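K.L.:
no FASTA, just this:
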């Protein structure tokens, strides 16, 4: 593995999931692999799970970890050829090359603006790091993708599935603030690579990028979509067409115990209780959100392990 | 030891103090005990001593340390059953369980509001972590208690006392900003468990919680209280009855060399010079504030050691 | 080495540079030297290179690193005898002594105000740490000096020089914000100690402190100064006489490929492209800014190594 910035970077998913589950059983088996190697984690945005789980994964492999909130450093310029006489002090060309000299792997979190669709779609921050850094890049959630979360989700479904080909439903939920499509995008792409029966349900007009959903069935009737589901992944995203807008706050899309049926409940967290999902679901044995969060460590660890083996 | 969130968690104080003094002499004797274990330190508020001394203590025991300023993550909701459609993105139920999966011990700093007496008294942040986390919790100063500081103070008095039963005076001091009662509370509780003659002195109306002071003598005449003192612990706290208010700024309560007599001067730091205590005291050989700060490391280390031994 | 706060702390520069180059070849040769020792890095200001390179250097030597953004702790008072009833919560006397107990070496970054010339010249922050701390101090850029950067620059010139006594030109450049003189000062002082032919060029009135430039030739005609240069170090500084002001924004002082000739281009970074220097220079093989940044690690490492050997 040369990097992990998108789902496509995984060459053999089922092998990777197996390896992650083995790491979960023996997290310290490769505790010398990363010795004297440094993971630099760069945060343009807030983090709790990603920060702590990736740090833990790196240390399980014996790595050093340096964490930098980019706001504590300099404003970075991403435009080529710009005359830097305004807010930005440092160009990504220098920043990425420089950090590469202090790091063996660089992990980056950079959320979308949700105001400039084209710029977000270009993944200019993540792709600039890929372009200018001289060490492997790991995506800790970018403008349009959250592949570490999707890998943790794939591990979770593999561990907990009781059928050969489970029915998995991605169900949109209301939310008071505009959220990225990243988690939904990566979850869809990941599930398309697994032996699952994937269905997406959301209000009319809330279609995700068609280049991602492809021929995955989409229902606007949530009840129909949820029928006989084994796993229900609930997640808000802001509108993709009317980019970044909130066009629907209908509380009927909130997940309830009744709608969930016998399915397992999934969410990437953080989750707003009684807005996205009612307390009864989260507090029931059907919620596997804590398992998902735990698997973030082993998703990160299997990725870092594969990258370290290819350094 | 299963946790250290209050003084009561110490089953054998004199044994614990002895052990801390031994650790001070040989800080690296148990440098393998915490190997591959992680201390996650969560700060809702500012820190210097607590941050650096606890980090050092953990590393002396071979632990990894992850430090998270909670403001860099998500606003946490503590109310049960709330509809989370406002400022909070994540409920403590999830946050505490999730972090428990990345940590072997969680340490939390969460100051009081000083505006809502009942809520502060409920210790809702600390107690929520105790309730929902699945790993031991250490209190790095909560709304009403600072037990790591009090343990460092107990170590300091034990080391420096020249009499069998020293006279210890807790003396209120003026301060321009409203401060918590936490340090004073824990110091009083700690001293009540030691072989000392404890006296409290403060202006009328500045009584601490009577459930804490119990039958400890309280003087409103500072001079009388200080007579023949061996240790004088100076500390401001805002009013407890008129909760969080500053009703007295009388500079005559500032500690001076003259008032101190031959006693040793104690303070938890940070301390405002020439407001809480005059320069002459802090710059004299009678000040033991630097010793106290040093003992913060060994207070934290003996606590972490005892918790690690019970994991 | 007892500290590294100014160029003068280096007793044998050529020996030190040689040692740094050896460390660059075998960065882990002394990976046990700093075992169980702690470097506390205190930031009063932003940092990227200094933060990551110094952290890496310390870990190459086996040290633990604790990083504290001072803004996450308490406002520190530096005035002697002040009545601390305003914004500052803690006096440097306590802070420095306390941190010394948690650290084996303390590194400090504290930029100038650029408004109070005398106060900046007094280096009150750095010198207060030197005065009150009981462990060695490393300067990570202070009000008037950046000796770690200058050492990295000396290493870079030594590595890349193709002549016995290269011509080195320090060339002022325009910049939209007032910047310190620290980098320029330390570079000049460092070059004065090396076998180089040093020339400074800047607009009239932009003279640096004469106590630093001494008899180093100064040209106001950039073209003349640059003639036959081997290394051109480009750097903005705000006016020193009209302290901290921007009296000149003439874009003709920007470094271009044409002006540079065959010289190597140096800059400490971060650099504003097409304001300080045009893209063509930075993107050419003549730019050695990435080498300079890499050498920050080994400058810090040789300094820490020498200090550790003298603890």
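P.N.:
On my side now, so go ahead. Source: prediction; values computed, not measured.
K.L.:
what helix or strand is the residue of the stretch 51-200 of chain A found nearest chain B on?
P.N.:
Closest to chain B within the stretch 51-200 of chain A is residue A:52: 4.2 Å, counting by Cβ to the nearest Cβ. C-beta here means a position set from N, CA and C on the backbone, and glycine is covered the same way. Using DSSP states H and E, residue A:52 falls within helix A:49-60.
K.L.:
alongside chain C, which residues does chain A contribute?
P.N.:
When proximity is defined by Cβ under 8 Å from any Cβ of the partner chain, chain A lies next to chain C at A:36, A:38, A:40, A:64, A:66, A:68, A:72-74, A:77, A:81-86, A:88-91, A:93-95, A:97-99, A:101-103.
K.L.:
anything in stretch A:32-40 near chain B?
P.N.:
No - applying Cβ under 8 Å from any Cβ, one finds stretch A:32-40 out of contact with chain B, separated by at least 12.2 Å.
K.L.:
which of the residues in that stretch are buried?
P.N.:
A:33-34, A:37-40 (16 or more other Cβ atoms under 10 Å in any protein chain shown).
K.L.:
would a markdown table of those residues with pLDDT be doable?
P.N.:
Below are these laid out as a markdown table (pLDDT from 0 to 100):
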| residue | pLDDT |
| --- | --- |
| A:33 | 98 |
| A:34 | 98 |
| A:37 | 98 |
| A:38 | 98 |
| A:39 | 98 |
| A:40 | 98 |
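K.L.:
going along the chain, name the strands of chain A.
P.N.:
A:38-43, A:64-69, A:76-77, A:90-91, A:105-109, A:137-139, A:167-172, A:197-201, A:218-219, A:231-235, A:264-266 (DSSP state E).
K.L.:
now do the third one: distance to the chain's middle.
P.N.:
Relative to its chain's centre, strand A:76-77 lies at 24 Å (Cα atoms, centre = their mean, to the nearest Å).
K.L.:
so who does the residue of the stretch 201-311 of chain A found nearest chain C touch?
P.N.:
Using Cβ to the nearest Cβ, the point where the stretch 201-311 of chain A gets nearest to chain C is residue A:311, with a distance of 15.5 Å. The contact partners of residue A:311, by Cβ atoms under 8 Å, 6 or more residues apart in numbering or on different chains, come to A:37, A:104, A:136.
K.L.:
what distance do you get for it to chain B?
P.N.:
Using Cβ to the nearest Cβ, to the nearest Å, residue A:311 is found at 22 Å from chain B.
K.L.:
residue numbers of the stretch 1-150 of chain A in contact with chain B?
P.N.:
Residues of the stretch 1-150 of chain A lying near chain B (Cβ under 8 Å from any Cβ): A:28, A:31, A:43, A:46-49, A:51-53, A:55-56, A:59-60, A:69.
K.L.:
tell me the buried residues within these.
P.N.:
Buried by 16+ other Cβ under 10 Å: A:31, A:43, A:46-49, A:51-53, A:55-56, A:59-60, A:69, out of the residues of the stretch 1-150 of chain A next to chain B.
K.L.:
any chance of those in JSON lines, with distance to residue C:286 too?
P.N.:
Putting these into JSON lines (distance: Cβ to Cβ, whole Å) gives the following:
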{"residue": "A:31", "distance to residue C:286": "44"}
{"residue": "A:43", "distance to residue C:286": "34"}
{"residue": "A:46", "distance to residue C:286": "41"}
{"residue": "A:47", "distance to residue C:286": "39"}
{"residue": "A:48", "distance to residue C:286": "45"}
{"residue": "A:49", "distance to residue C:286": "45"}
{"residue": "A:51", "distance to residue C:286": "40"}
{"residue": "A:52", "distance to residue C:286": "44"}
{"residue": "A:53", "distance to residue C:286": "43"}
{"residue": "A:55", "distance to residue C:286": "39"}
{"residue": "A:56", "distance to residue C:286": "44"}
{"residue": "A:59", "distance to residue C:286": "41"}
{"residue": "A:60", "distance to residue C:286": "43"}
{"residue": "A:69", "distance to residue C:286": "34"}
